[in-house]
Structure formats: structure tokens, C-alpha cells
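Undergrad: I would like the atomic coordinates for the input below:
(chains A and B)
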Amino acid sequence: MTLPNLDAAFSALADPTRRGILVRLAKGEASVMELAKPFEMTQPAISQHLKVLEDAGLVARRVDGTKRPRRLAKAGIEAMDQWLAMLRKALEKNYDRLDEVLAGMERPTIKTTTKTMRGENR
Amino acid sequence: MSKLTLKTEGDTHVIVTRRFAASPEAVYRAHTDPKLIQKWLLGPEGWTMPVCINEARRGGKIRYEWTNGKGRGFYLTGEYLELEPYNRILHIERMHLPDPTPDNHVETRFDADGTGTLMTVRMTLPDAQTREAMLATGMDRGMEASYTRLEGMI
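TA: Coordinates of the predicted model:
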């Protein structure tokens, strides 16, 4: 991906409705009407979002009679993968910190006697 | 190599698994002791949790407040439904951005796995759209971290 495309893709992804459209399209091709429904938006409003996604190379259209069903473009699939990877990364950061917290915690005693909270504190 | 898995299931679930080199008791405590939670449940670099309320009992309240120290922040509230020390937690949570998101039912299991723990977090959202919005919110925070990294590279 060249840098300008990456910029367009990132700004296209910076809107929750457009991300929702990509998530929907990840399940398969859909008409504009089908895409508009869950977002409670007008078709022109959805078409505007679709145009941004198409310009960014994330969504492609097909001609089917009078219909123009949309699907994820290859770049769109990669953007979705990147999206989940980033979410995973944020979670990983938390759990890496938790690893350190756990390493620093007192090792629980072998005995399974119930301890009070006070007893657990240093 | 990543120890974490993140996947969607059906229309309304998100499943996260992670292994830890500590006992289920320790991992459970790190999820229910405010002093410990404040050390790790922070998201991207630079965020802190100045307010951490975690009443680990049935009906107990949860409230986490995060800030990036630059005027941005949000908070989460929740309630405990069931706790089985050191094995399972069932709670409800919602983000306030500042409007509350629909309730997320979260079941967290801590299963002994060799000398460590396999933690499985199963989130259930009310509908597919809410789940998608939640994943998108996670991305907002992840993206901020990635933008910060990008800034560092330029």
C-alpha cells in the first residue's frame, strides 16, 4: 500500500458508520438498501459513506441489472485484518502488563487455607 | 508468537483467551483487586486509571475511569452478577462515551492450565450492531496507539 492510500484508508476508517459497513460487508455482498437498514440512515447518506470507502479502495461495486451490490475490496479485507490486529494489540498491551503484575504478586502458599484480605497484603 | 486469541462467535459474542504463568487465584485477584487492576487495565501507552471501584461481591459495583492526561477520558460502569472465587466471574459492563453503550454481559473463566491459567472471556452483546460498535470502539483506542507510534516514526 502506498502512503496516500493508507491515509485515505485510515480516514475512511475513522468513522463508526463506515467501519460498521465494512463489518457488514465482511459477511458478504450487500445492496445499498441492505447496508442502510441497520444504521437507520437514508440511502443517500449511506451512499456518501460508500463513496468514501470506494475512493479509499476498501469497497468495490458490481453491476447487476439496476442494482450495484457492494463487496469488500482486497484492501478492505486487509484493513479489516489490520483493525482486528490493532484491537488485539491494545488487549495484548493490557495483558502484558498483567503478566508483570502477576510476576510481582506474592506467590500463593501451597496450603489452601482461606486467608483474609489483610493477610494477603504485605 | 501471540498468547492471545480474539474472535467473534455468532452475531453477538466476542471471545478472548489468554494464558498466564500464574495460578487461577492470582489471575482472579488481579481482576478483582482495585490496586492491582489500576496497574494493568489501561489500554494504549500513556493512559491511566485514576478511579477504580471494584466491589467484588454479588451485586457489587464496578466503576473505572480512564484519562490520557491530555483532557481525554471516558469511564465504564458495571455490576457483578456472580462470583465463584477463583474460577468464574459474571458481570455486566457498559462504556460511557459519555452516552452509555448497551450492556455487555461478560463471563470470565480462570481454568488451571499446567502450572498456569487459561483465562476465557466470553462477551455477549444485545445485538450484532452493538457488537460491531464495540469492536469499532476498541479500534479507536488501538488506532490512537498506532497513530502515536506512527508519530514517533515520522
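
Undergrad: in chain A, which spans are strands?
TA: For chain A, the strands defined by DSSP state E occupy A:59-61, A:70-72.

Undergrad: and the contacts of the first one?
TA: Outside strand A:59-61, the residues within contact range by C-beta atoms under 8 Å, 6 or more residues apart in numbering or on different chains are A:21-22, A:25, A:50, A:53-54, A:68-73, A:76. Placement of C-beta: from N, CA and C, glycine included.

Undergrad: swap the cut-off to 7 Å and go again
TA: Contacting residues not belonging to strand A:59-61 are listed as A:25, A:50, A:53-54, A:68-73, A:76 [C-beta atoms under 7 Å, 6 or more residues apart in numbering or on different chains].

Undergrad: out of the strands of chain A, which one sits most buried?
TA: Of all those, strand A:70-72 has the most neighbours on average by mean count of other C-beta atoms under 10 Å in any protein chain shown, namely a mean of 21.

Undergrad: show me what that one is packed against.
TA: helix A:16-26, strand A:59-61 (3 or more C-beta pairs under 7 Å, 6 or more residues apart in numbering or on different chains; DSSP states H and E).

Undergrad: output the ones you listed as JSON lines; include the columns distance to B:Glu82.
TA: Below are the helices and strands packed on strand A:70-72 laid out as JSON lines (distance: least, C-beta to C-beta, whole Å):
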{"stretch": "helix A:16-26", "distance to B:Glu82": "31"}
{"stretch": "strand A:59-61", "distance to B:Glu82": "43"}
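
Undergrad: can you tell me which of those has the worst average pLDDT?
TA: Lowest mean pLDDT within those: helix A:16-26, a mean of 82.

Undergrad: how close does A:Phe39 sit to chain B?
TA: Look at A:Phe39 and chain B: by C-beta to the nearest C-beta, to the nearest Å, they are 8 Å apart.

Undergrad: so how far is the helix or strand where B:Glu82 lies off the chain centroid?
TA: Using DSSP states H and E, B:Glu82 falls within strand B:73-84. Strand B:73-84 has its C-alpha centroid displaced from the chain centroid by 10 Å (C-alpha atoms, centre = their mean, to the nearest Å).

Undergrad: does the next helix or strand after it come close to chain A?
TA: Per DSSP H and E, the first helix or strand lying C-terminal to strand B:73-84 is strand B:88-96. No: Strand B:88-96 stays clear of chain A (C-beta under 7 Å from any C-beta of the partner chain), getting no nearer than 13.1 Å.

Undergrad: return the set of buried residues in strand B:88-96.
TA: Residues of strand B:88-96 classed as buried by neighbour count (16 or more other C-beta atoms under 10 Å in any protein chain shown): B:88-91, B:93-95.

Undergrad: and for B:Ala21, nearest residue in space, chain neighbours not counted?
TA: Of all residues not flanking B:Ala21 in the chain, B:Gly116 sits nearest, at 4.8 Å (C-beta to C-beta, 6 or more residues apart in numbering or on different chains).

Undergrad: for B:Val121, give me its contacts.
TA: B:16, B:106, B:108.

Undergrad: rerun at 6 Å
TA: B:Val121 makes contact with B:16, B:108, according to C-beta atoms under 6 Å, 6 or more residues apart in numbering or on different chains.

Undergrad: where's it, which helix or strand?
TA: Assigned by DSSP H and E, B:Val121 falls in strand B:116-124.

Undergrad: and the helices in chain B?
TA: B:24-32, B:34-40, B:128-153 (DSSP state H).
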